[in-house]
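In: Requesting a structural model of the entry that follows:
(chains A and B)
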Protein chains: 2
Amino acid sequence: MAVYTDITESELGAFLRDYNIGELLSYKGIAEGTENSNFILHTTGGTFILTLYEKRVDRDDLPFFLGLMDHLAQRDVSCPLPVKRADGEIIGELAGRPAAIITFLEGMWPRRPTTAHCREVGVALAKLHLAGQDFPLQRRNDLSLPGWQRLWDGCRERCDEVEHGLEAEVSDDFAALEAGWPADLPSGVIHADLFPDNVFFLGERLSGLIDFYFACNDFYAYDVATCLNAWCFERDHSFNITKGAALLAGYQSLRPLDAAEVEALPLLCRGSALRFMLTRLYDWLHGPDGAMVQKRDPLEYVRKMRFHRQIISATEYGLQQS
Amino acid sequence: MAVYTDITESELGAFLRDYNIGELLSYKGIAEGTENSNFILHTTGGTFILTLYEKRVDRDDLPFFLGLMDHLAQRDVSCPLPVKRADGEIIGELAGRPAAIITFLEGMWPRRPTTAHCREVGVALAKLHLAGQDFPLQRRNDLSLPGWQRLWDGCRERCDEVEHGLEAEVSDDFAALEAGWPADLPSGVIHADLFPDNVFFLGERLSGLIDFYFACNDFYAYDVATCLNAWCFERDHSFNITKGAALLAGYQSLRPLDAAEVEALPLLCRGSALRFMLTRLYDWLHGPDGAMVQKRDPLEYVRKMRFHRQIISATEYGLQQS
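Out: Have a look, this model is predicted:
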């Protein structure tokens, strides 16, 4: 939950004078997202989300994130549409922070994803990858191998506090990932954080994707790997191959994986599990930025790393090869 | 900020089947209130607030709180209207907690109240007192003198950690308040917590009162005293007599204070300041129920207690006697 910055009605009213969305009726801080401050706005023009970008987000990346949403929304990917100000800009400043208004998307994120949800997410991910192909901006993935190494440098000394033996285990993973990480695979714009809380549904119909603040250019199959980690494990930490099959079939219905991607998938899954383990471990050891953020257990992802380590072929994730 | 309990879309969907407010479109936890979990609901029928009552609220008090909102809303006091279920009840159960849906009120609480806001609050408070006169239920004020004594018993040993000498100072206050507390003054239903974050405005027009979860039967003038404490001090802790005069004039435009109330006002202000100092002190020393709640400084109210101690006549608050 996250509202790091409160705003006064007069500064918000002044900010809104640069937009054509009517008069302010109410705004309430919402308990979603962990990086930024988010508010639901009601104006005489409708319902919107206002985001204040806090220090974890680099201001220079905002044109990429917001431009991407705009690009995708215009290509029939259901996601929030950044609202343009009267001067055509989509980024303003409020309470000393960069700020933007995006359209409000109805729908609910699934607390307990079903197989049907997993299929829909697979389809939506492929659609996003295809629709992003002609997006002109580029953003390097800060949280790929070199970024993981930096996080690891800030954690490894103390990581055995979380589980005895973790330091040695993760060091071995790094060695394996550095040795085997693919040099080249089909690449483009990826979401990079498509967890259930970033995907809205109305019933079992996907109504939209949100939170593009980790989006970047990287291997498409790495995004698939992150979704397998985020969607296809059960609460008892077991992998659900039925869900994996549904997610992969949904994805391949629009964008079939090539042989190199299929071959690389287990290592990409392992790398993606390491990436989320590391950010959790880092927050666990260092405390998150605000006292309002609930810490998430890094060990959940250690278990996923162990699972992926013993996978030999992507068919074990449910992949049906055509 | 407060979302203590997350709910799944399926349990919320099931809960809503008892209501006639259409299909669920979205729900988001909001960062308002410190006692309960609150969500903004969008349904095909409109926008609502869903509240899950957490352990600090006594389930037996809910008919009083929700019945009062219903009573006041029907008497032209702008406040949320509890939504009746198909069976006529206004309290249900969700995620193992009592839960209710109320209408959504547009408006914003003033982060920096003006004199005009203070006048409006005075008028609204008197209107509430008058409209509550024929409300049939009763609820004793748990946070009057005996309740303060219980809070104090849980704090006094450690209160010099907050400021040296506080234990002796507050003990003297208790003696003075117990000796001088009025035995009888005009009484009825009071809000008891009408702070700026519980009063919404559109511009300088008051659009509604919320959060009736401390409402009870007590002296009307005690509610006036709480508003003077909550609305008429500046950030530098000085009392703003212009705001005090506006609040009192607004109140008296509908319900003039009688001689005994005027006489008692300084002591009631002192008592009310002690009450909010004590709940803050208690949370400060014991930690609030959830890690998500921001602690508020008890010393702000110690300063207010000191101010009221040296007041001789209610004219020093700006009271114009008719």
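In: okay, CA-based contacts and neighbour counts for the rest of this
Out: Will do.
In: Can you find the residue of the stretch 51-200 of chain A that comes nearest to chain B?
Out: Using C-alpha to the nearest C-alpha, A:G107 is the residue of the stretch 51-200 of chain A that sits closest to chain B, at 4.8 Å.
In: For the nearest residue to A:A245 once chain neighbours are set aside, the count of nearby residues, please.
Out: Excluding the flanking residues, the one nearest A:A245 by C-alpha to C-alpha, 6 or more residues apart in numbering or on different chains is A:G318, at 4.0 Å. Counted with other C-alpha atoms under 10 Å in any protein chain shown, the neighbours of A:G318 add up to 18.
In: Kindly report the residues of the stretch 1-150 of chain A close to chain B.
Out: Counting by C-alpha under 8 Å from any C-alpha of the partner chain, the residues of the stretch 1-150 of chain A lying close to chain B are A:3, A:8-9, A:25-32, A:42, A:106-112.
In: Try it again at 6 Å.
Out: A:T8, A:L25, A:S26, A:G29, A:I30, A:A31, A:E106, A:G107, A:M108, A:R111 (C-alpha under 6 Å from any C-alpha of the partner chain).
In: Give the ChimeraX command for selecting the buried subset of the residues you listed.
Out: In ChimeraX, this line selects whichever of the residues of the stretch 1-150 of chain A next to chain B come out buried by 16 or more other C-alpha atoms under 10 Å in any protein chain shown:
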select /A:25,26,29,30,31,106,107,108
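In: Go through the residues of the stretch 1-150 of chain A next to chain B and name the one with the lowest pLDDT.
Out: When these are compared by pLDDT, A:A31 scores lowest at 82.
In: doesn't B:E32 make contact with it?
Out: No - applying C-alpha atoms under 6 Å, one finds A:A31 not in contact with B:E32, separated by 9.6 Å.
In: Name the residues contacting each of the two.
Out: Common neighbours of A:A31 and B:E32, using C-alpha atoms under 6 Å, 6 or more residues apart in numbering or on different chains, do not exist here.
In: Now do the helices in the stretch 151-300 of chain A.
Out: Using DSSP state H, counting those that start in this stretch, the helices of the stretch 151-300 of chain A run over A:166-180, A:220-231, A:241-254, A:259-286, A:298-309.
In: in the fourth one, what's buried?
Out: Put plainly, it is helix A:259-286. A:261-262, A:264-285.
In: Of the residues of the stretch 1-150 of chain A next to chain B, just say which sits nearest to A:D142.
Out: A:A31 (25.9 Å; C-alpha to C-alpha).
In: So what pairs up with the residue of chain A found nearest chain B in the strands?
Out: Closest residue of chain A to chain B, C-alpha to the nearest C-alpha: A:I30 (4.3 Å). Beta bridges link A:I30 to B:I30, judged by DSSP bridges.
In: which non-adjacent residue is nearest A:P82?
Out: Closest to A:P82 by C-alpha to C-alpha, 6+ apart is A:I102, at 4.2 Å.
In: cool, and A:S187?
Out: In space, and not counting its chain neighbours, A:S187 is closest to A:F219: 4.2 Å by C-alpha to C-alpha, 6+ apart.
In: One more: A:N38?
Out: The nearest residue in space to A:N38 (C-alpha to C-alpha, 6+ apart) is A:T51, at 4.6 Å.
In: mind listing what that neighbour touches?
Out: Contacts of A:T51 by C-alpha under 6 Å, 6+ apart are A:S37, A:N38, A:A99, A:A100.
In: next one: phi and psi at A:L125?
Out: Torsion angles at A:L125 (phi, psi; degrees, to the nearest 10) stand at phi -70, psi -40.
In: Run a quick neighbour tally on the nearest residue to it once chain neighbours are set aside.
Out: The shortest distance from A:L125 to any non-neighbouring residue, by C-alpha to C-alpha, 6+ apart, is to A:Y251 (6.6 Å). A:Y251 has 24 neighbouring residues, counting by other C-alpha under 10 Å.
In: which residues touch A:Y251?
Out: A:G122, A:V123, A:A126.
In: May I have the phi/psi pair for the residue nearest the centre of chain A?
Out: Closest residue to the average C-alpha location of chain A: A:D193 at 1.7 Å, with C-alpha atoms, centre = their mean. As for A:D193, its main-chain torsions (degrees, to the nearest 10) stand at phi -150, psi 40.
In: Which residue, other than its chain neighbours, is closest to it?
Out: That would be A:F214: by C-alpha to C-alpha, 6+ apart, it lies 6.3 Å from A:D193.
In: again with A:R156
Out: Using C-alpha to C-alpha, 6+ apart, the closest residue to A:R156 is A:E167 (5.9 Å).
In: Tell me how many other residues crowd that neighbour.
Out: For A:E167, the neighbour count with other C-alpha under 10 Å is 18.
In: now it: how far from A:E157?
Out: Computed with C-alpha to C-alpha, to the nearest Å, the distance linking A:E167 and A:E157 is 8 Å.
In: now that we have the contacts of A:Y251, which one has the most neighbours?
Out: Going by other C-alpha under 10 Å, A:G122 tops those with 26 neighbours.
In: Work out for me the element that residue sits within.
Out: According to DSSP states H and E, A:G122 maps onto helix A:115-131.
In: what packs against that helix?
Out: helix A:241-254 (3 or more C-alpha pairs under 6 Å, 6 or more residues apart in numbering or on different chains; DSSP states H and E).
In: 8 Å instead?
Out: Judged by 3 or more C-alpha pairs under 8 Å, 6 or more residues apart in numbering or on different chains; DSSP states H and E, helix A:115-131 is in contact with strand A:187-190, strand A:205-209, helix A:220-231, helix A:241-254.
In: and that helix with helix A:220-231, angle?
Out: Angle of helix A:115-131 versus helix A:220-231, following axes from the mean of the first three to the mean of the last three C-alpha atoms, to 10 degrees, is 160 degrees.
In: Now do the buried residues in helix A:115-131.
Out: Across helix A:115-131, burial judged by 16+ other C-alpha under 10 Å covers A:115, A:117-131.
In: Let me know the closest of those to A:V302.
Out: Using C-alpha to C-alpha, the buried residues of helix A:115-131 come closest to A:V302 at A:C118, 22.3 Å.
In: For A:K55, see how far away that closest one is.
Out: A:C118 is 33 Å from A:K55, by C-alpha to C-alpha.
In: repeat for A:T5
Out: Taking C-alpha to C-alpha, one finds A:T5 at 11 Å from A:K55.
In: And A:L285, by the same measure?
Out: From A:L285 to A:K55 the distance is 19 Å (C-alpha to C-alpha).
In: can you check A:A246 too?
Out: For A:A246 relative to A:K55 (C-alpha to C-alpha), the value is 38 Å.
In: Also A:G96?
Out: 11 Å.
In: follow-up on the earlier one: the residue nearest to A:N38 belongs to a strand?
Out: Yes - using DSSP: H, G, I helix; E, B strand; the rest coil, the secondary structure at A:T51 is a strand.
In: Return the per-residue confidence for A:Q320.
Out: On the pLDDT scale, A:Q320 gets 91.
In: Which of the helices or strands spans it?
Out: Per DSSP H and E, there is no helix or strand for A:Q320.
In: okay, A:S238: pLDDT?
Out: 96.
In: no no, A:E32
Out: So A:E32 comes in at 75 (pLDDT).
In: same deal with the one 4 residues further on?
Out: With respect to pLDDT, A:N36 scores 88.
In: Quick one: neighbours of it, just the number.
Out: Neighbour tally, A:N36, other C-alpha under 10 Å: 21.
In: Please report the distance of it from A:I49.
Out: Counting by C-alpha to C-alpha, the gap from A:N36 to A:I49 is 12 Å.
In: next one: A:W109
Out: 16 Å.
In: where does the stretch 151-300 of chain A have low pLDDT?
Out: A:288-295 (pLDDT under 70).
In: My read is that A:G22 contacts A:T43, right?
Out: Yes - taking C-alpha atoms under 8 Å as the definition, A:G22 is a contact partner of A:T43 at 5.7 Å.
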